[in-house]
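S.K.: Make a model of this:
(3 chains)
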Amino acid sequence: MPELPEVETMVRGIRPFVEGRRIVEFARCPCRCRPLSLRPGLAAIRRRCEGQAIAAVRRRAKRIILELASGDAFVVEPRMTGLMLVAGPPDHEHLRYEWRLGGSQQPQSLWFWDRRGLGTVRLFAPAELADALGDRQLGPDALEMTLDQWWPRLRQTARPIKVALLDQKLVAGIGNLYASEILHRAGIHPARQANRLTRSRVERLAAAVRTILEEAIRHEGSTLSDGTYRNALNQAGEYQNAHRVYDREEQPCKTCQGPPIVRIVQAQRSTFFCPACQK
DNA sequence: ATTAATGTTCAGAA
DNA sequence: TTTCTGAACATTAA
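M.R.: I've put the predicted structure just below:
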């Protein structure tokens, strides 16, 4: 389930293959899947993007941005199971969209693959793009957030810190898996109220966010037991092997060798933590 | 054979 | 205003 590290890995994976190349054709794949969210319609997207070069590939939070030479930009949201691929899809049934690329070099296409079909592909004009990715929709990117930004933002809400970390307007890019890993690294209990954290705890949290996300990017993200997440070349990530708490209920904590990892439910999502390491 | 669970985001309700 | 709930969807485990 792509969070910031997985999306960053996708961006780094596709960038060398697609940046600078021209979109020859944008097409919906002939699969049996229901059409997923595409805006504007297919015809309008084709009219605006075909013939344009892909000037840059960027990430904002959990979204992939393909900037075109015209100034328009695709924004791809993988959500639960979406992938950006330049090689061998896990299966052909769930291929959704294809950007066919100019030139004779391989690959010939960039693909969006999505098993559950919750992902979205949108094409924005420059002004729309600024709004869609701006402060009104998304908080600061988790990797760029400074202590001066963390402190006032966390003081604004009484929600449990784990739930606050999932609020994309508070901080953008953290999802369910990394929220648990980050809090474990920071030694903070997930149920603590965000606005009651001491200054030193917020400092530890801010540091842990950087550490965990950068570590996860180095390991090319987490591929869980369902095997859905793949990088741009259809290879699994490695960070799942380094998880300290996520999906490790009842297993001993790798850090303190103490009591087993506990699973609780917060905001209808699983949270994992070590009752000894996290207070 | 149903039912629950999975995780992200949005719309709409409390 | 802030927080919570359900729905979108596909697939697997119970």
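
S.K.: Give me the below-cutoff pLDDT ranges for the stretch 1-150 of chain A.
M.R.: A:32, A:34-36 (pLDDT under 70).

S.K.: one more time with 80
M.R.: A:1, A:31-36, A:88 (pLDDT under 80).

S.K.: Return the residues of it in contact with DNA strand B.
M.R.: A:Met1, A:Pro2, A:Glu3, A:Ala61, A:Lys62, A:Glu77, A:Arg79, A:Met80, A:Arg116, A:Leu118, A:Gln137 (Cβ under 7 Å from any atom of the strand). To be clear about C-beta, it is placed using only N, CA and C from the backbone, and glycine gets the same treatment.

S.K.: The second one contacts A:Lys62, correct?
M.R.: Yes: contact status for A:Pro2 versus A:Lys62: in contact at 6.0 Å, counting by Cβ atoms under 8 Å.

S.K.: who touches both of the two?
M.R.: A:Pro78, A:Gly175 (Cβ atoms under 8 Å, 6 or more residues apart in numbering).

S.K.: per the record, what domains does chain A have?
M.R.: Following automatic domain parsing, chain A resolves into domains at A:4-132, A:147-273.

S.K.: all strands of chain A, in order?
M.R.: A:23-28, A:37-39, A:54-60, A:63-68, A:73-77, A:82-85, A:95-101, A:109-114, A:120-124, A:262-266, A:269-273 (DSSP state E).

S.K.: between those strands, which gets nearest to A:Arg153?
M.R.: strand A:54-60 (17.8 Å; Cβ to Cβ).

S.K.: now that closest one and strand A:23-28, what's the angle there?
M.R.: 50 degrees (axes from the mean of the first three to the mean of the last three Cα atoms, to 10 degrees).

S.K.: so what secondary structure elements neighbour strand A:54-60?
M.R.: The contact analysis (3 or more Cβ pairs under 8 Å, 6 or more residues apart in numbering; DSSP states H and E) places strand A:54-60 against helix A:4-18, strand A:63-68.

S.K.: Would you list the strands that it pairs with, along with their directions?
M.R.: Strands that pair with strand A:54-60, judged by DSSP bridges, come out as strand A:63-68 (antiparallel).

S.K.: Grab the CA positions of the strand it pairs with and hand them over as PDB.
M.R.: Output in PDB follows, covering the C-alpha atoms of strand A:63-68 (Å, rounded to 0.1, in the frame of the first residue of the first chain):
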ATOM      1  CA  ARG A  63       1.100  11.200  -5.400                       C
ATOM      2  CA  ILE A  64       3.200  10.900  -8.600                       C
ATOM      3  CA  ILE A  65       3.400  13.900 -10.800                       C
ATOM      4  CA  LEU A  66       4.200  13.800 -14.500                       C
ATOM      5  CA  GLU A  67       4.900  17.400 -15.600                       C
ATOM      6  CA  LEU A  68       4.400  17.900 -19.300                       C
END
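
S.K.: Mind listing residues that contact that strand?
M.R.: Against strand A:63-68 from outside (Cβ under 8 Å, 6+ apart): A:7, A:10-11, A:14, A:18, A:23, A:49, A:52-59, A:73-78, A:84, A:99, A:129, A:133.

S.K.: Among those, name the buried ones.
M.R.: Neighbour counting with 16 or more other Cβ atoms under 10 Å marks A:7, A:10-11, A:14, A:18, A:23, A:49, A:52-54, A:57, A:59, A:73-78, A:84, A:99, A:129, A:133 as buried within the contacts of strand A:63-68.

S.K.: how many other residues sit next to the closest residue to DNA strand C within the stretch 101-250 of chain A?
M.R.: DNA strand C sits closest to A:Arg116 of the stretch 101-250 of chain A, with a gap of 3.6 Å, by Cβ to the nearest atom of the strand. By other Cβ atoms under 10 Å, the residues close to A:Arg116 number 13.

S.K.: Now it: closest residue in space that isn't a chain neighbour?
M.R.: A:Thr81 (4.5 Å; Cβ to Cβ, 6 or more residues apart in numbering).

S.K.: Please report phi then psi for that neighbour.
M.R.: phi -130, psi 20 (degrees, to the nearest 10).

S.K.: Distance check, it against A:Thr228.
M.R.: Going from A:Thr81 to A:Thr228 by Cβ to Cβ, to the nearest Å gives 5 Å.

S.K.: which residues do these two both contact?
M.R.: By Cβ under 8 Å, 6+ apart, the residues touching both A:Thr81 and A:Thr228 are A:Met1, A:Arg115.
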